[in-house]
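> One predicted model, sequence on top.
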Amino acid sequence: MAEQKNVQFRVFRYKQGDQAPHYDTFNVPINERTTVLEALQAIRRDQDSTLILRHSCHHASCGTCGMRVNGREVLACVTNVMELDTPVVTVEPLENAPLVADLVVDMGPFYDTFTQAHMPLIRQSEFLPESEVAEGVPYHMRFENCIECGLCVSACPVVSTDPEYLGPAALAAAWRVVEEPRGEDPEQVFAWVDTEHGCWRCHVAMECSEVCPSNVNPGHNIMALRHQLTKRKLSALFG
């Protein structure tokens, strides 16, 4: 039989109209397989049905359950509670995004940056009417590593101080377009990132790469953009 114990969850709470956020505490029975997402769902099911959170796939593919657990950005669906090895689990929404309610933030501004990076979030053909799928393929699918969870943006110390910074996810997407344009113009991408709020604004803290659940390594991609831009500038100067 799996080991059972109770763990205290300290959960960030906020609803529109509240004067200020606060934390509620819940005791949750868990076993060695319980994830943070499962514990939060148990809280909502058994203790407080007003708790608001986002989730979908339960296996780290959709990115919707991104949040901060004990001060670290994670996907709640694959974060094992017992492995946290702490008597209190503090759960908070992602940072550097508009707060909607409880553990949910508005991801709209984050998603918009992908379009600016010339990599729009297209998963079905109706969003691009002129496209055609290959014979035998029922619909468009994306095979990029990035799952658009927003963990990297939440962890980035520059985003929190510079609201105009493009951010690690968008810059990593920009480098992906440079690597494989797929009909896009890399020159436009280079022009977009070559600004004081673009790839040069990064402080190389590498927190983005540390928290990325899909090994996109956005910090490396930002440095790759810098490297290519530096080569282009030197070539223009010295031939």
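On my side now, so go ahead. Numbers count the residues shown, from 1 in each chain.
> what's near enough to touch the residue nearest the centre of the chain?
By C-alpha atoms, centre = their mean, the mean C-alpha position of the chain lies nearest to residue 150, the distance being 1.6 Å. Contacts for residue 150 were tallied using C-beta atoms under 8 Å, 6 or more residues apart in numbering; they are 63, 66, 94, 97, 105, 107, 110, 169. Yep, even glycine has a C-beta here, placed from its N, CA and C like the rest.
> so what secondary structure elements neighbour the longest helix seen in the chain?
Within the chain, and with DSSP state H defining each element, the longest helix by residue count is helix 218-238. Other elements packing on helix 218-238 under the criterion 3 or more C-beta pairs under 8 Å, 6 or more residues apart in numbering; DSSP states H and E are helix 168-179, helix 186-193, helix 207-211.
> any idea of the angle it forms with helix 168-179?
Relative orientation of helix 218-238 versus helix 168-179 (axes from the mean of the first three to the mean of the last three C-alpha atoms, to 10 degrees): 50 degrees.
> Just the buried positions in helix 218-238, please.
Buried residues in helix 218-238, counted by 16 or more other C-beta atoms under 10 Å: 218-219, 221-226, 228-229.
> and this protein, what are its domains?
Listed by automatic domain parsing, the domain ranges of the chain are 4-105, 108-238.
> Can you give the distance of the last one from its chain's centre?
The one in question is domain 108-238. Counting by C-alpha atoms, centre = their mean, to the nearest Å, domain 108-238 is centred 13 Å from the centre of its parent chain.
> wait, what's in contact with the spatially closest residue to residue 84 that is not a sequence neighbour?
Excluding its sequence neighbours, the residue lying closest to residue 84 (C-beta to C-beta, 6 or more residues apart in numbering) is residue 70, at 6.3 Å. By C-beta under 8 Å, 6+ apart, the contact list for residue 70 reads 84, 86, 89-90.
> Just among those, which is most surrounded?
For those, counting by other C-beta atoms under 10 Å, the largest number of neighbours falls to residue 89: 21 neighbours.
> which residues does residue 28 bridge with?
Applying DSSP bridges to residue 28 yields these beta-bridge partners: residue 7.
> Appreciated, that's everything.
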